[in-house]
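K.L.:
curious how this folds, go ahead:
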Amino acid sequence: MRKVQFANNYYYHVYNRGVDKREIFLDQNDYLRFYKSLFLFNDANYFAMSGKNVESVQGLALSNRQPLVNIASFCLMPNHYHFLLEQICDNGITSFMHSLSTSYTQYFNLKNDRTGRLFEGPFKAVLVKRDAQLEHLPRYIHLNPLDLTDVNWREGKGEDWAKAEKLLEEYPWSSHNVYLGKPQQLPVVEKSVIGQIFNTPEKYKIFLKQWGGREIAGLSPFEDRA
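P.N.:
Numbers count the residues shown, from 1 in each chain. Okay, the predicted model is just below:
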């Protein structure tokens, strides 16, 4: 029995990593496959659409969609992922995550001639209880790619912000640039949710720059950088 019970119109920090901390994205095609899946499987009508698959997403943005969740932010890292999700229909998060994880595991195993589970057990979820958490989580999620660099953001030290900002904008597998007002390849992130958290890109940029080191890292389930 999962400790966290999902309820509609509540936000949750959802995350998981590869079993034994193994990498779950081995190349750019893996990231792209997972990214497409974030859009396709967030739709109660998806499996009723004959002939559709993860490799064919053209035109689906205008289809009659019935989203299961609002994706407020995301970040895909080599061996883990983070989402901020709002459940908007009964069983929405569970259905979305089950389809996403099952499909990607099947794809990954077939591609790499392996069997067995890919992820470290069921996905983890934490209820967002306070407005302050809702504001901090996109920042924490979007700063994760700095772990792949020499910017030591988790210690809250005075780093070169211009360098960090450039690195974050160049990282393609997070919703950071959506928060800056840039277009999405697919409509994965619900932009109206962003507006409820940061009403302008400028306010997001200011808040991002003011990261608080351990204050933010305390929200992390992977203190060992996964």
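
K.L.:
output the longest helix belonging to this protein.
P.N.:
Criterion DSSP state H: the longest helix present in the chain is helix 92-111.

K.L.:
now for the following helix or strand past it, which elements pack on it?
P.N.:
Once helix 92-111 ends, the next helix or strand along the chain (criterion: DSSP states H and E) is strand 124-127. Counting by 3 or more Cβ pairs under 8 Å, 6 or more residues apart in numbering; DSSP states H and E, the packing neighbours recorded for strand 124-127 are strand 11-17. Bear in mind the C-beta positions are built from the backbone N, C-alpha and C, glycine included.

K.L.:
please name the nearest non-neighbouring residue to Phe119.
P.N.:
Asn16 (5.0 Å; Cβ to Cβ, 6 or more residues apart in numbering).

K.L.:
please tell me how far the one you found sits from Phe34.
P.N.:
Going from Asn16 to Phe34 by Cβ to Cβ, to the nearest Å gives 12 Å.

K.L.:
tell me, what's touching those two both at once?
P.N.:
By Cβ atoms under 8 Å, 6 or more residues apart in numbering, Asn16 and Phe34 have these common neighbours: Tyr81.

K.L.:
so which helix or strand takes in the spatially most central residue of the chain?
P.N.:
For the chain, the residue nearest the mean C-alpha position is Phe74 (2.2 Å; Cα atoms, centre = their mean). Element membership for Phe74 (DSSP H and E) is strand 69-77.

K.L.:
run through who's touching stretch 105-123.
P.N.:
Residues outside stretch 105-123 that contact it (Cβ under 8 Å, 6+ apart) are 2, 14-22, 24, 26, 30, 33, 54, 97, 101, 104.

K.L.:
quick revisit: so what sits opposite the residue nearest to the centre of the chain in the bridge?
P.N.:
Beta bridges link Phe74 to Phe83, judged by DSSP bridges.

K.L.:
ok, it to Leu85 distance?
P.N.:
For Phe74 relative to Leu85 (Cβ to Cβ), the value is 9 Å.

K.L.:
Leu68 now?
P.N.:
Leu68 is 9 Å from Leu85, by Cβ to Cβ.

K.L.:
and for these two, which residues touch both?
P.N.:
Joint contacts of Leu68 and Leu85 (Cβ under 8 Å, 6+ apart) are 93, 96.

K.L.:
the more surrounded of the two?
P.N.:
Leu85 (27 against 24; other Cβ atoms under 10 Å).

K.L.:
which residues touch that one?
P.N.:
By Cβ under 8 Å, 6+ apart, Leu85 lies in contact with 11-12, 14, 69-72, 93, 96.

K.L.:
show me which of those residues is closest to Ala162.
P.N.:
Nearest to Ala162 among the contacts of Leu85, counting by Cβ to Cβ, is Ala72 at 26.8 Å.
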